[in-house]
Each structure stands twice: as structure tokens, then as C-alpha cells.
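1. Sequence first, predicted model second:
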There are 2 protein chains.
Amino acid sequence: MESSSAASGGSTRREATRQKLYEAAVTLIAEQGFSATTVDEIAERAGVAKGTVYYNFASKSVLFEELLRHGVGLLTASLREAAERTAREGGSKVDALDAMIRAGLVFIDRYPAFTQLYVAELWRTNRAWQSTLMVVRQQAVAVVEDVLRDGVAGGEFSEEIDVPLTAAALVGMVLVAALDWKSFQPERSLDDVHAALSRLLQGRVSGCR
Amino acid sequence: MESSSAASGGSTRREATRQKLYEAAVTLIAEQGFSATTVDEIAERAGVAKGTVYYNFASKSVLFEELLRHGVGLLTASLREAAERTAREGGSKVDALDAMIRAGLVFIDRYPAFTQLYVAELWRTNRAWQSTLMVVRQQAVAVVEDVLRDGVAGGEFSEEIDVPLTAAALVGMVLVAALDWKSFQPERSLDDVHAALSRLLQGRVSGCR
DNA sequence: GTTTTTGCACTGACCAGTCAGTTCAAATTC
DNA sequence: GAATTTGAACTGACTGGTCAGTGCAAAAAC
């Protein structure tokens, strides 16, 4: 069985509808939040009947959870790819972190709505999809932690750094700087933002040059 | 005329009720989001009848907006105080940034729910309180920008740094690291977190020691 | 002929906001 | 100082509207 046609991801009609629904849901939920977004709105924006939403997803929350998994999958793949490319090209671990910062910015540039929604939901408690979020967060942060640990092991980073905390802080720095960029200074170029963050990472703000 | 009793701030019954409502609303909205939180829940948690909420605030959104203003007022006061104290004691601008990082962490330690809610709502568009948020965000970031600008003027920081972007990144770094601390590693001490962020700020992660 | 989508009417729960009425402490009157 | 009035603060049942989710017959796509 397997209809099969495209390599991975499956290009059935069903898949195309689900994709349209993801796209509609992500912008609406980023703008308004999950509870303030109605299923009717999502269907309308996707150009699809309401019944179709329920034919494709068990419920509104399930649609949202799958959307989260889908988006974070794209992000981690992109981060990991950046780290590996740097390694292949013989770059240092700082270079790898720098490349990941850029990859993060590129991702946010392409999917600002998803990022917004992710940040808004990440630290909530008591919500149905909390466990999904935990898993998905760990996936992303783990990529950064791996690079930091390798750097410490290889003597490039100080032994004193706190890997989980530093990874979280780095991710936060990129996330918040990028959201601010998109919301409040959209005229700035990606290179500007990357340069500012790079400088901060390498301590070229205070003291050492 | 005028019942008058306490000096400033007003210690009327009304004020006490509003305070209870703020406290109830902040935790509920942090946990569930604005739209998912009902006015009945807020009233119940505050130990007050629903009508009282509407006697004290024009609407659910107005309650929320005043809550935001109230909370950010506390934060900026604390940040500014930290910067001024450092200046008074003859510290450098890096010392001032470091003190502000600590002040931020202390604030988040004390009011985690408020911080959570602030981050969750900050980058949303199309919401009634968007303009309130913009104003309130600028107040907080401006304190950091001022210190950076002074540092550049005094030759302590590189002329090349992008003040608004760097300020946003620093705020984001603290915000996200702190929320992660509270949500995922609450056993860590404030000093641990402060040390990790301090190290990052001073570039003692990569290269220069 | 099977899978997927449509369109639409319907239900039942939930919820923001309202309003007529209650409470009570302080002010006023006698 | 007891009796009465006042009004700010509070109450909670009620209303009108909204929305997630259902059911289903017919059409379209494959």
C-alpha cells in the first residue's frame, strides 16, 4: 500500500490540506493566541470547510500540537545542519555557535509567526499540550548544549560554564532579539542583527576586543 | 469632603480589593493565557464576587492593562535603582549591566507569573492592549539602552555596538534564561544563574578570559 | 468505488458583561 | 448617644451571544 510519490513527507491531497491548515492556524494563533482563535476562522483562512478540519484533526488542540511538532522539527533540523556544516568545513565551536545563531535568525525570518507562538506558549503551565512543548523545547536546546559540551571537552570553552543555563541563555538571546527585530525594527537587515549578536557572543561588547 | 487616611497610594478598601484582583489575575493569566482565563475564575481566586471585578475595572482587558502597567513600573524602578546604585559606588558600566542582570533576576524570582505573562503577550499583534505593551516595553529596554550609550560615550564599550539591538538581546537573554530556570531547573540558586549570565556578558565563554 | 471534501443546520456548554438589590460604616440629625 | 440617612462597595442570578464539536447527505477527487 503506500500511495507514495514524493520522497518523504507524502504529497497526498490530504497532506496538502493539512499543510494549508497549519499555515492558517499558525498566523492566526500567533496574532491572537490559541483560545482567541476559532476553528471557523482557521477553516476560512485555509479556504476549507469546517468539517474538513475535523476530518483531518481530532480536535483544535490536536491540530495545534501537531503544528508545534512540525515547526520545531524544521528548526532543529536547520540548527543541526548548521552545526554539522561548520564542523565539516573545519570551523571552531565558536564558529558553530555563530552559524547556529544565523540559522536561527534565518528560520525566524522565514517563520516569524511560528516563533512568536512558540515563545508565547513555552512557559505556560496547566495546558493540554504542555508535555509536547517540553519535549520539543528539549530537542532544540539540546543541539546547542551538544556544541557547548564539545567545546568544553575540546578545551575551547571554559570548564566553568554551566552548559544548560548557557544554552538556554543563548537561545533566549537569539529568540528575543529576533522577535524584537521583526516587531520593532523590521527595516534592519539580517546581517545587522547577526553582527550584533555575534559581537555579544564573542564578548566584543565589554572589555576584550 | 475626602475621607482621607493614608498618605499616598491610598489604603482604602477599594485599593485592597484591586490588589487582590491583580494577584489573582496575574497567576491565572500566566498559567492559561488571557482568553482562556474567565472573569469568574479571577473573582473566585480573589475571594470576591464577579460584580466586584466590574465595579473596580471597566472590563477584563482594562484590568489586564492596568496590571501590565503596574508590573512593569515595579521592574523599571528596580532596574534603574540598580544602575544608579552602581554609578554612585563608582562602578564601571559593565558593573552596571551586571547589577541590572541581577536586579532582573531578583524581580523574576519574586514575580515569575508576571514575567511569564509579559513575555507571552509582548509580541502579539492585533490585541487591544498592544499600545500599552509597546510603551511599557520601551520603558524597560530604555534603561538598558541608556547604560550602553553612556558606556560607548565613555569609551568603555566599542563604538560599533548597535545599542537598541544589543539592549534587546540582553533583556532577552535574562528573560529567557530566568524563565527556563524557574520552569525547568528551579533547584538552581539565583547566584548560579547570575554567574552564568555574567560570564556570557563578559565574553568569558569563548576565547578571551 | 473509495477517500476526501463540502455545506450547513444543530446542540450544549461556557462566558463577558449587566443590574436590581444588599451591606455596613461613617456622617448627620435630633 | 440613639435613630436615621447616605453612598460607596459589593453581590450573584441572569442574559445574549459565541464557539467547539457533531451529523449527514451529496459532491468532487482520485
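-> Yes, it's here.

2. what ranges do the helices span in chain A?
-> A:13-32, A:39-46, A:50-56, A:60-88, A:93-110, A:112-122, A:130-153, A:163-184, A:190-201 (DSSP state H).

3. so what are the domain limits for chain A?
-> Split into domains by automatic domain parsing, chain A comes to A:11-57, A:67-201.

4. Relative to chain B, which of these is closest?
-> domain A:67-201 (2.2 Å; Cβ to the nearest Cβ). Using the backbone N, CA and C atoms, a C-beta is placed for each residue, glycine as well.

5. distance between the ends of that closest one?
-> For domain A:67-201, the first and last residues are 31 Å from each other (Cα to Cα, to the nearest Å).

6. centroid residue for chain A?
-> A:Leu75 (4.3 Å; Cα atoms, centre = their mean).

7. got a pLDDT number for that residue?
-> The pLDDT attached to A:Leu75 in the predicted structure is 89.

8. Over to A:Leu68?
-> Note for A:Leu68: predicted pLDDT of 91.

9. doesn't A:Met134 make contact with it?
-> No: in terms of Cβ atoms under 8 Å, A:Leu68 does not count as a neighbour of A:Met134; the distance is 11.0 Å.

10. what sits in contact with each of those two?
-> In terms of Cβ atoms under 8 Å, 6 or more residues apart in numbering or on different chains, A:Leu68 and A:Met134 are not both contacted by any residue.

11. Same drill for the two, tell me which one is more crowded.
-> With neighbours defined as other Cβ atoms under 10 Å in any protein chain shown, A:Leu68 and A:Met134 compare such that A:Leu68 has more, 22 against 13.

12. Enumerate every residue touching the more buried one.
-> When the contact criterion is Cβ under 8 Å, 6+ apart, the partners of A:Leu68 are A:Tyr118, A:Glu121, A:Trp129, A:Thr132, A:Leu133, A:Val136.

13. Show me which of those residues are buried.
-> Neighbour-count burial (16 or more other Cβ atoms under 10 Å in any protein chain shown) applied to the contacts of A:Leu68 gives A:Tyr118, A:Glu121, A:Trp129, A:Thr132, A:Leu133, A:Val136.

14. so what's A:Asp146 closest to, chain neighbours aside?
-> Take A:Asp146 and drop its neighbours on the chain: the residue closest to it by Cβ to Cβ, 6 or more residues apart in numbering or on different chains is A:Ala83, 7.6 Å away.

15. Burial check on the one you found, number of neighbours?
-> Here the count is done by other Cβ under 10 Å, and A:Ala83 has 22 residues near it.

16. Let me see the contact set for A:Ile161.
-> Neighbouring residues of A:Ile161 by Cβ under 8 Å, 6+ apart: A:Leu148, A:Val152, B:Ala196, B:Arg199, B:Val205.

17. Surely the first one is in contact with A:Ala169?
-> The reference is to A:Leu148. No: the pair formed by A:Leu148 and A:Ala169 falls short of the contact definition of Cβ under 8 Å, at 10.8 Å.

18. higher neighbour count, the two?
-> A side-by-side neighbour count of A:Leu148 and A:Ala169, using other Cβ under 10 Å, places A:Ala169 first with 28 against 22.

19. Name all residues that make contact with the residue nearest to that one when sequence neighbours are not counted.
-> Once flanking residues are discounted, A:Ala169 sits nearest to B:Ala177: 4.0 Å by Cβ to Cβ, 6+ apart. The contact partners of B:Ala177, by Cβ under 8 Å, 6+ apart, come to A:Leu165, A:Ala168, A:Ala169, A:Gly172, B:Val193, B:Ala196, B:Leu197.

20. ok, of the residues you listed, which one's closest to DNA strand D?
-> Using Cβ to the nearest atom of the strand, A:Gly172 comes nearest to DNA strand D of the contacts of B:Ala177, at 30.7 Å.

21. What separation do you get for the closest one and B:Ser183?
-> A:Gly172 is 12 Å from B:Ser183, where distance means Cβ to Cβ, to the nearest Å.

22. Quick check: residues of chain A near DNA strand D?
-> For chain A, the residues in contact with DNA strand D (Cβ under 7 Å from any atom of the strand) are A:Arg13, A:Thr37, A:Thr38, A:Val39, A:Asp40, A:Lys50, A:Gly51, A:Tyr54, A:Ser59, A:Lys60, A:Ser61.
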